[in-house]
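Undergrad: Okay, predicted coordinates and the sequence, questions at the end:
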Amino acid sequence: MASPLVTLTTDFGAGSPYVGALKGAVLSVNPAASLVDLSHDVPPQDLRFCSFLLCAACPYFPSSALHVVVVDPGVGSERTILYVQTGDLRLLVPDNGCWTALAKRYPAPPFVVRLQERRYWRASVSSTFHGRDIFAPVAGYLTLGLAPELLGPHIASWAELHLPEPQISSGVLEGEVVFVDDFGNLLTNIGGDTYRRIEGSVRSISVNGQQVNQRVLTYADAPTGTLVALISSVNTLELAVVQGNAAHKLGASTGTPVRVACDA
Amino acid sequence: MASPLVTLTTDFGAGSPYVGALKGAVLSVNPAASLVDLSHDVPPQDLRFCSFLLCAACPYFPSSALHVVVVDPGVGSERTILYVQTGDLRLLVPDNGCWTALAKRYPAPPFVVRLQERRYWRASVSSTFHGRDIFAPVAGYLTLGLAPELLGPHIASWAELHLPEPQISSGVLEGEVVFVDDFGNLLTNIGGDTYRRIEGSVRSISVNGQQVNQRVLTYADAPTGTLVALISSVNTLELAVVQGNAAHKLGASTGTPVRVACDA
Amino acid sequence: MASPLVTLTTDFGAGSPYVGALKGAVLSVNPAASLVDLSHDVPPQDLRFCSFLLCAACPYFPSSALHVVVVDPGVGSERTILYVQTGDLRLLVPDNGCWTALAKRYPAPPFVVRLQERRYWRASVSSTFHGRDIFAPVAGYLTLGLAPELLGPHIASWAELHLPEPQISSGVLEGEVVFVDDFGNLLTNIGGDTYRRIEGSVRSISVNGQQVNQRVLTYADAPTGTLVALISSVNTLELAVVQGNAAHKLGASTGTPVRVACDA
């Protein structure tokens, strides 16, 4: 039988001692858990980056996986920790909205439990490292088969992360860059389906005042160095430079506006 | 049954081909070993960083884990390689003291074996990569159940890493920063218990001439941008900027003095 | 029984959401696969780095491992994806030559299949992320025991990566740096066996006009800061600074010429 999968997403930094402590604290409860690093390089306390990452990665995992997310600027405060089931996904997250965009992809409302039962936490809980002292042991117990209902009360409200939505007015669709990958490709919040619907009437796409003139299916469809628009692997409008770095070329980063002008 | 756990700590760099070679060389002896990356981003040959990392991470693992540490500036020289049992931890380390601070946490003296039996090493041992050629296969055999006594002679002396201890004189406790995490939080060598004992009489805490005026239990206890003192998750005095970077704000790094002045 | 091993090598960046998606897509086909990160920090689209990494790491793995390599500047184009058996190694690679240097180490010609059977791919294949949509599920099926012959036709020609070979003329062996590791050590394309054969007559080694005067067996054989030549752990001529950074000291990087002058 396969070992139970636990994915780990943090902003600790891949080389941080805290990553090791987190892993150890899961394995000390369930040495048979199979740990999978998603990313430890979420920029510190960057909930939008974290939200994008969870949307881009978690849906591809088998439903047996438990996704543990410790991007937690509110650690030690009154913010709570949640166990979430949404679609066929299961997560342990701080109650800071990092998971709400992911949950919107599933029609049914999520099932959410607020962690309260200290018997599943480390005996001594620090004020600054709930990843190690609460998330990790709870993850260990869940992989051993603990019923989530035993962790605490079922709840019906939680923090939401409000992400920017593209705006349409007088023939212009105005969105923004929501993620820059390591190649410098710019992923926007303009949905691929939305873009395909209006594509016939698109007059221009511009980023920071620079026009993107070529629409391709994939990078290899245009010569090296060409600035291109395409539909990304997460089905959104993406801007890229073939074998180059669009973020550098356009001086763009997360939050940079992207304008799609259409014929009237 | 759970796969035997082997943690890996190196200064190779997470993207280095040497990391892959190390992993392969463990798995070629025991394909069932379960590898856990602690960190491959220890700064090159930085034994103090390595020592801090082992103290912060290893104690959280189950005792079944074997911790393999290849931060090894003396590779190929007369320095030897050690198998160490301390408390319920088991390690394979170069004899350079990277583990001695960790061992001091346990009352009983460590059990130490010097690796000598070449039959458990790769047939051909390079001069510059003992991680792959000695540590890895020995780790593989240990996870297969090999008795450590078969690796070489039991020894009673080894290299020690001398780490700075805080000094007290005329009402001033003078310590230093021993670790800067990826958030820029400054962890000092001033023990949390020591600090709590003197806390009633503390007049000021200063780092690089700047005063830290607020004592909190956790980051969320003060507004964004506040410079605060707290007890870290490894039970030492920590200095932080709420949702900011104390190392940048204070111009501090490992070795920066931290002064705690007390009332007479 | 050991879980089937799948190693992952990409240029996505270790913190990228794409790494998580890739892992999930393997595990969703075979949750029992044991994933091993080789490196996600191959410089973007750098096939020479990738080729070096595969040569330095893959041969140390047990033959049961499947090596999945997604360094794929041609994604979505007419370039194909290959399943390769060479020596006792098994790989899934883009047809861009990243694996051909590795295969040259084995006397027998490789067995190569071109991936064609879409039933083993994700139902919906994006134009830009074949790692997630083709490589990953195929890797999952292979670890479940799928016969590689079912993936597509056996083929006899493929892209080759042409790597620079050292040149000899009038007593000078001229090679180049082919890899700089995280310590700043310079690994060259001059084979260790070649160097040992001519060593008796070597008059000088120079890099960027600077002489390397000391030949050692390992770093610890010379004082800190000394510039030395040695045979690397992958059996090539290596230039290093003892406990320092040769790349910085010599202003050298991949492609920098290395000259070995011999007596007539």
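TA: Looks like it arrived, so ask away.
Undergrad: of all of the stretch 51-200 of chain A, which residue lies closest to chain B?
TA: residue A:76 (2.7 Å; Cβ to the nearest Cβ). (C-beta placed from N, C-alpha, C; glycine too.)
Undergrad: The residue nearest to that residue when sequence neighbours are not counted - how many residues pack around it?
TA: Counting by Cβ to Cβ, 6 or more residues apart in numbering or on different chains, residue A:76 lies nearest to residue B:218, which is 2.7 Å off, once chain neighbours are set aside. Residues lying near residue B:218 (other Cβ atoms under 10 Å in any protein chain shown) number 20.
Undergrad: wait, what's in contact with residue B:218?
TA: A:75-77, A:127-128, B:230 (Cβ atoms under 8 Å, 6 or more residues apart in numbering or on different chains).
Undergrad: Give me the contacts around the helix or strand bottoming out on mean pLDDT in chain A.
TA: Least confident helix or strand, chain A: strand A:167-169 with a mean of 91, by mean pLDDT, DSSP states H and E. Strand A:167-169 is contacted from outside by A:173-175, using Cβ under 8 Å, 6+ apart.
Undergrad: of these, list those near chain B.
TA: For chain B, no contacts are drawn from the contacts of strand A:167-169 by Cβ under 8 Å from any Cβ of the partner chain.
Undergrad: the helices in the stretch 151-264 of chain A, which residues?
TA: Applying DSSP state H, counting those that start in this stretch to the stretch 151-264 of chain A gives helices spanning A:192-198, A:246-250.
Undergrad: looking at those helices, which has the lowest confidence?
TA: When the helices of the stretch 151-264 of chain A are compared by mean pLDDT, helix A:192-198 comes last with a mean of 93.
Undergrad: Buried residues of that helix, list them for me.
TA: A:192, A:194-195 (16 or more other Cβ atoms under 10 Å in any protein chain shown).
Undergrad: State the distance from the residue nearest to residue A:76 to residue C:52.
TA: 46 Å (Cβ to Cβ, to the nearest Å).
Undergrad: same question, residue A:148
TA: From residue A:148 over to residue C:52 the distance is 47 Å, taken as Cβ to Cβ.
Undergrad: what about the two, which has more around it?
TA: residue C:52 (25 against 19).
Undergrad: How many neighbouring residues does the residue lying closest to that one once chain neighbours are set aside have?
TA: Excluding its sequence neighbours, the residue lying closest to residue C:52 (Cβ to Cβ, 6+ apart) is residue C:179, at 4.7 Å. Applying other Cβ under 10 Å, we find 24 other residues in the vicinity of residue C:179.
Undergrad: In contact with residue C:179, which residues?
TA: Taking Cβ under 8 Å, 6+ apart, we find residue C:179 in contact with B:17, C:49, C:52, C:186-187, C:254.
Undergrad: tally of neighbours for the residue of the stretch 51-200 of chain A closest to chain B?
TA: Residue A:76 is flanked by 19 other residues according to other Cβ under 10 Å.
Undergrad: Over to residue A:221?
TA: Residue A:221 has 16 neighbouring residues, counting by other Cβ under 10 Å.
Undergrad: separation between residue A:68 and residue B:33?
TA: In this view, residue A:68 and residue B:33 are 23 Å apart by Cβ to Cβ.
Undergrad: same check, this time on residue A:88
TA: Distance from residue A:88 to residue B:33, by Cβ to Cβ: 31 Å.
Undergrad: Of the two, give the one with the bigger neighbour count.
TA: Neighbours were counted for residue A:88 and for residue B:33 using other Cβ under 10 Å; residue B:33 has more, 23 against 12.
Undergrad: Can I get the longest strand seen in chain A in PDB? Just the C-alpha atoms.
TA: Longest strand of chain A, by residue count under DSSP state E: strand A:172-180. Provided in PDB are the C-alpha atoms of strand A:172-180 (Å, rounded to 0.1, in the frame of the first residue of the first chain):
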ATOM      1  CA  VAL A 172     -10.900  47.500 -22.600                       C
ATOM      2  CA  LEU A 173     -10.300  44.400 -20.500                       C
ATOM      3  CA  GLU A 174      -7.900  45.400 -17.700                       C
ATOM      4  CA  GLY A 175      -6.300  42.700 -15.700                       C
ATOM      5  CA  GLU A 176      -2.900  42.300 -14.100                       C
ATOM      6  CA  VAL A 177       0.100  40.100 -13.700                       C
ATOM      7  CA  VAL A 178      -0.600  37.700 -10.800                       C
ATOM      8  CA  PHE A 179       2.500  35.500 -11.100                       C
ATOM      9  CA  VAL A 180       5.900  35.600 -12.600                       C
END
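Undergrad: Write out the residues of the stretch 101-250 of chain A neighbouring chain C.
TA: Counting by Cβ under 8 Å from any Cβ, the stretch 101-250 of chain A sits next to chain C at A:179, A:181-183, A:217-221, A:230-233, A:238, A:243.
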